[in-house]
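Trainee: Sharing a model prediction with you, sequence too.
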Amino acid sequence: MATTPTSAASSRSDTDSARSTTTRAESTTTSAEPTFTSAEPNSGPATIGLGVDVGGTGIKVGRVDLVTGEMLGERTYTPTPQPSTPDAVAGVLRDQVEAFGWDGPVGVALPSVIHQGVARIAPNIDDAWIGCDVVDLFARHLPGRDVVVLNDADAAGLTEVHYGAAEGVEGLVILLTLGTGIGSALIMDGRLIPNTEFGHVLVRDISGSVVDEAERLASASVRARDGLSFAEWTPHVSNVLRTIEDLLWPRVFVLGGGVSEAADEWFPLLDNRTPVRAAVRLNDAGIIGAALYAAAHAGLLDLGDVLPSSTN
Ligand code: BGC
């Protein structure tokens, strides 16, 4: 198992972190800021969460400071087993969660629509996920634990709303994660509307002669596969953004995925209408949002009215 270090634990004192949460809540325009229900806001278990991000190539697990939205210590990275069947993935996930010695709620971000506890699609993982009851799956592999599951881009959206590029933004925000596929999160006044799948919207490509799914034209994996420079790839991203903005007229796009680390190199080349921001948490956004969702779902923190009551 390879282990990838991430940002160090927050060096702020408990009191400082709690105070800063209050201050930020006062200065924002939506109610997206988490409120901790524990009597001592930053001293109980409610301020730390555990999140898992399952991708087509790797499974990442890490502890999260739910006050700051930062990773606490190292996260683990394990290559996704091939074939990436539900039982194989859940087995890796169980071993990783146990390695953390964690017995609190676990949030799992999956690259699938999660509709009433059932995974519905599997563009980048094994087809056996389609129709898989994920509640039952994780209850079998992690018995007695509180496990909640949501779409990976929705998890990233929650992260950016609470701790990142979309914090405090009023109106409609659309987050797109550019990775193996294109994931999406739709956020209205800080409230997530789960299970949008804009990566599968049909788009006429820049040549005008081909119509294909957005993620097959403009994901980061297309750029890698075809060896495209940023100058060659960015017009495809602009084209997807224009298609989405013509339909939904968002106030802001947030673009995530590892490729946004190089935002300085290619954001200036975008020529769509809507302002575009780089996601702040990039590769950790799925873990952080999953941990946040799990803690809120377990009643350990109160996100106000911005959490979806269920994932549809
Ligand atoms: C899937 C989405 C997922 C995205 C990123 C897409 O292919 O349909 O559900 O969020 O990839 O992993």
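Mentor: Sure thing, it's come through.
Trainee: Spatially nearest residue to residue 181, not counting backbone neighbours?
Mentor: Nearest residue to residue 181 in three dimensions, chain neighbours excluded: residue 215, at 4.3 Å (C-beta to C-beta, 6 or more residues apart in numbering). From N, CA and C alone the C-beta is placed, and that goes for glycine too.
Trainee: Show me what the helix or strand harbouring the one you found packs onto, helices and strands only.
Mentor: Element membership for residue 215 (DSSP states H and E) is helix 214-218. Contact analysis of helix 214-218 by 3 or more C-beta pairs under 8 Å, 6 or more residues apart in numbering; DSSP states H and E lists strand 182-188, strand 202-204, helix 230-248 as its packing neighbours.
Trainee: among the ones you listed, which is the most enclosed?
Mentor: Of these, the one with the most neighbours on average (mean count of other C-beta atoms under 10 Å) is strand 182-188, at a mean of 25.
Trainee: And the contacts of it?
Mentor: Outside strand 182-188, the residues within contact range by C-beta atoms under 8 Å, 6 or more residues apart in numbering are 111, 151-154, 156-158, 160-161, 166, 171-177, 192-194, 196-199, 214-215, 218-219, 240, 248.
Trainee: what do you get if the cut-off is 6 Å, keeping everything else the same?
Mentor: Strand 182-188 is contacted from outside by 152-154, 157, 161, 172-177, 193, 196, 198-199, 214-215, 219, using C-beta atoms under 6 Å, 6 or more residues apart in numbering.
Trainee: ditto for stretch 51-71
Mentor: So stretch 51-71 is contacted by 6-7, 10, 17, 21, 42, 47-50, 72, 75-80, 89, 92-93, 96, 107-110, 124-125, 163, 180, 284, 286-288, 290-292, 295 (C-beta under 6 Å, 6+ apart).
Trainee: out of those, which are buried?
Mentor: Buried residues within the contacts of stretch 51-71, counting neighbours by 16 or more other C-beta atoms under 10 Å: 6-7, 10, 17, 21, 42, 47-50, 72, 75-78, 80, 89, 92-93, 96, 107-110, 124-125, 163, 180, 284, 286-288, 290-292, 295.
Trainee: Correct me if wrong: residue 108 contacts residue 149.
Mentor: Yes - assessed by C-beta atoms under 6 Å, residue 108 is found in contact with residue 149 at 4.7 Å.
Trainee: what are the ranges of the helices in the stretch 201-312 of the chain?
Mentor: 214-218, 220-226, 230-248, 263-266, 285-297 (DSSP state H, counting those that start in this stretch).
Trainee: Outline the domain layout of the chain.
Mentor: Domains of the chain are assigned by automatic domain parsing as 2-156+284-302, 170-283.
Trainee: First-to-last residue distance for the last one?
Mentor: Across its full length, domain 170-283 reaches 25 Å between end residues, using C-alpha to C-alpha, to the nearest Å.
Trainee: What separation do you get for the nearest residue to residue 242 once chain neighbours are set aside and residue 249?
Mentor: The spatial neighbour of residue 242 that comes closest, neighbours along the chain excluded (C-beta to C-beta, 6+ apart), is residue 272 at 4.9 Å. Look at residue 272 and residue 249: by C-beta to C-beta, to the nearest Å, they are 12 Å apart.
Trainee: Contact residues of the stretch 201-312 of the chain facing the ligand?
Mentor: Within the stretch 201-312 of the chain, the positions near the ligand by C-beta under 6 Å from any ligand atom are residue 215.
Trainee: what residues are up against whatever residue of the stretch 201-312 of the chain ends up closest to the ligand?
Mentor: As assessed by C-beta to the nearest ligand atom, the ligand sits closest to residue 215 within the stretch 201-312 of the chain, at 5.5 Å. Going by C-beta under 6 Å, 6+ apart, residue 215 touches 181-182, 199.
Trainee: Tell me the one among the residues you listed nearest to the ligand.
Mentor: residue 181 (2.8 Å).
Trainee: And for the closest one, the neighbour number?
Mentor: 26 (other C-beta atoms under 10 Å).
Trainee: what mean pLDDT would you report for stretch 106-125?
Mentor: Taken as a whole, stretch 106-125 has a mean pLDDT of 96.
Trainee: on that earlier part again, select from the buried ones among the contacts of stretch 51-71 every entry located in helices.
Mentor: Mapping the buried ones among the contacts of stretch 51-71 onto helices (DSSP state H) picks out 17, 21, 89, 92-93, 96, 163, 286-288, 290-292, 295.
Trainee: Check which residues of stretch 140-154 are buried.
Mentor: By 16+ other C-beta under 10 Å, the buried positions in stretch 140-154 come out as 141-142, 145-154.
Trainee: Residues contacting it, please?
Mentor: 90, 94, 105-111, 114, 134, 138, 177, 183-185, 192, 194-195, 286, 293-294, 297-298, 311.
Trainee: just to revisit the earlier point, which residue of residue 272 and residue 249 possesses the greater neighbour count?
Mentor: The neighbour comparison of residue 272 against residue 249 (other C-beta under 10 Å) goes to residue 272, with 17 against 12.
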